[in-house]
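Chemist: Test case, fold it:
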Amino acid sequence: MIFFMISWIFAIFSLAMIVFWTLNLGIDMTGWTQSEFSYTNYNFSLDEVSQEADTIKGHINIKGEIINTVNVYKITGENTFVVETGFSSNISEKELEAFKIEYRNELESYYKDIWDIELSKYTNIGASFWDYIRSTAKLTLFIAILGIALYIAYTFSGTVSWISSMSFAIITIITLFHDVIISSGLYILVSSFYPQFQIDTFFITALLTILWYSINDTIVIFDRIRSNLQEFWGKGKNLQEIIELSVDESMTRSIYTSLTLVFVLVCILVLGPESIGWFTLTMLFGTIIGTFSSIFIASPLLYEFHKNTKLSEYIKKEALSEEQKMVV
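Modeler: As a prediction, the model looks like this:
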């Protein structure tokens, strides 16, 4: 029961973070622009270019929190560099477009006057792109969880009479939502203190990856429960004892596997490229929460679902005699 309480506390906290907290959105989740500049003579450094871009950002942000991020990088093998700019999603579409144009024009004017750099390409993505990503992400997560649940229902059919395979499917849905919500809430909390951890398409990809890892761990434990139910039911062990035995037999494997993955993710987070830092951090949270839910939430829920159910041994029809088959 204490593990259910811990999960409820974290789930409620995470839901509050998702609904009420100000999200630290990446540039592909807000209105953003990409300005590509061409040059003939490379008589400047990227640091100088970046400093000018930040200076102009300060000019714009005097009017409020308008520009969130500015990222400058050079295209390898070409005489071009790119300035990516992320804008706030808290202003109207009309105001946003005006600020985008103002920032682009100031960049173009500064670079042309100082280093004779020309604007060669300009890409403008509206804030509505975030609405599309958000709705698509919700639909994708829902379809993925539903598909996994249906697969579980099919796979675990015929385990023990009076334990419906839908029990496994429903518990799977609960634990997957549990893992995604709590991982998201913890990530949003961290991103409030460390702006480099933004919510973007990498974050959505990480959530989908969490589903794979979490269900993989849960299936291993469920499969052990199924095997032990078929082996020990009616032989002196009740449902609680069988579930506890199954968890004990699977726990070491689950923890060791998770610790291996956690070690790799921590190394990537500390030593790896910053560009995938938010993906790695989300995966780290998902691995820990997924392991916890597989061991301490999924299996106890199965017991709670059926602790008052009268169980009996499941006998496959093909195992019956010819006379029994005729009766059936």
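Chemist: Poorly predicted segments of the stretch 1-150 of the chain, please.
Modeler: Where the stretch 1-150 of the chain drops to pLDDT under 70, the residues are 27-28, 30-31, 127-130.
Chemist: all strands for it, in order.
Modeler: For the stretch 1-150 of the chain, applying DSSP state E, counting those that start in this stretch gives strands covering 32-38, 67-74, 80-87, 118-125.
Chemist: hmm, who's touching the last one?
Modeler: Judged by C-beta atoms under 8 Å, 6 or more residues apart in numbering, the contacts made with strand 118-125 from elsewhere in the structure are 28, 31-39, 80, 97, 100, 104, 107-108, 111-112. (Glycine included, C-beta is placed from N, CA and C.)
Chemist: Need the strands of the stretch 1-150 of the chain in CSV (columns: mean neighbour count).
Modeler: CSV is the format used below for these (neighbours: other C-beta atoms under 10 Å):
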stretch, mean neighbour count
strand 32-38, 20
strand 67-74, 17
strand 80-87, 21
strand 118-125, 14
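Chemist: possible to save the ones you listed as a markdown table with distance to Val49?
Modeler: Shown next, in a markdown table, are these (distance: least, C-beta to C-beta, whole Å):
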| stretch | distance to Val49 |
| --- | --- |
| strand 32-38 | 8 |
| strand 67-74 | 6 |
| strand 80-87 | 6 |
| strand 118-125 | 13 |
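Chemist: between these, which gets nearest to Leu259?
Modeler: Ranking those by distance to Leu259, with C-beta to C-beta as the measure, places strand 67-74 first at 34.5 Å.
Chemist: and the closest one, what does it pack onto?
Modeler: Counting contacts by 3 or more C-beta pairs under 8 Å, 6 or more residues apart in numbering; DSSP states H and E, strand 67-74 packs against helix 46-61, strand 80-87.
Chemist: List the buried residues in the first one.
Modeler: Going back to what we said before, that points to helix 46-61. Of the residues in helix 46-61, 49-50, 52-53, 56-57, 60 count as buried by neighbour count, 16 or more other C-beta atoms under 10 Å.
Chemist: Measure how far it is from the centre of its chain, please.
Modeler: 33 Å (C-alpha atoms, centre = their mean, to the nearest Å).
Chemist: outside of it, which residues touch it?
Modeler: 66-67, 70, 72-74, 81, 83, 85, 99, 102-103, 106-107, 110-111, 114.
Chemist: Run the angle between that helix and strand 67-74 for me.
Modeler: 160 degrees (axes from the mean of the first three to the mean of the last three C-alpha atoms, to 10 degrees).
Chemist: So that it lines up with my notes, have the first residue be 51 from now on.
Modeler: Fine by me, first position is 51 from now on; the one you just mentioned is helix 96-111.
Chemist: how much does helix 96-111 deviate in direction from strand 130-137?
Modeler: Using the same axes, to 10 degrees: helix 96-111 against strand 130-137 is 30 degrees.
Chemist: so Glu281, which of the three states?
Modeler: helix (DSSP: H, G, I helix; E, B strand; the rest coil).
Chemist: Please name the residues that touch the residue lying closest to Phe60 once chain neighbours are set aside.
Modeler: Excluding the flanking residues, the one nearest Phe60 by C-beta to C-beta, 6 or more residues apart in numbering is Ile232, at 4.9 Å. For Ile232, the contact set (C-beta under 8 Å, 6+ apart) comprises 57, 60-61, 64, 335, 339.
Chemist: Would you mind measuring from Ile232 to Leu189?
Modeler: 21 Å (C-beta to C-beta, to the nearest Å).
Chemist: what's the answer for Ser217, then?
Modeler: Noted for Ser217: a distance of 26 Å to Leu189, by C-beta to C-beta.
Chemist: How about Asp229?
Modeler: Asp229 is 18 Å from Leu189, by C-beta to C-beta.
Chemist: thinking again about what came up before, make a ChimeraX selection of the buried ones in the contacts of Ile232.
Modeler: Applying 16+ other C-beta under 10 Å to the contacts of Ile232, the buried members can be selected in ChimeraX as follows:
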select :57,60,64,335,339
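Chemist: before we move on, the earlier item: what is the most widely separated pair among the buried residues of helix 96-111?
Modeler: Val99 and Ile110 (17.0 Å).
Chemist: How about the contacts made by the residue lying closest to Pro245 once chain neighbours are set aside?
Modeler: Spatially, and ignoring its direct neighbours in sequence, Pro245 is nearest to Asn74 (6.1 Å; C-beta to C-beta, 6+ apart). Residues in contact with Asn74 (C-beta under 8 Å, 6+ apart) are 238, 241-242, 245, 247-249.
Chemist: and if you look at Asn140?
Modeler: Glu115.
Chemist: Quick check: the gap between Leu169 and Tyr263.
Modeler: Plainly put, Leu169 is 44 Å away from Tyr263 if you go by C-beta to C-beta.
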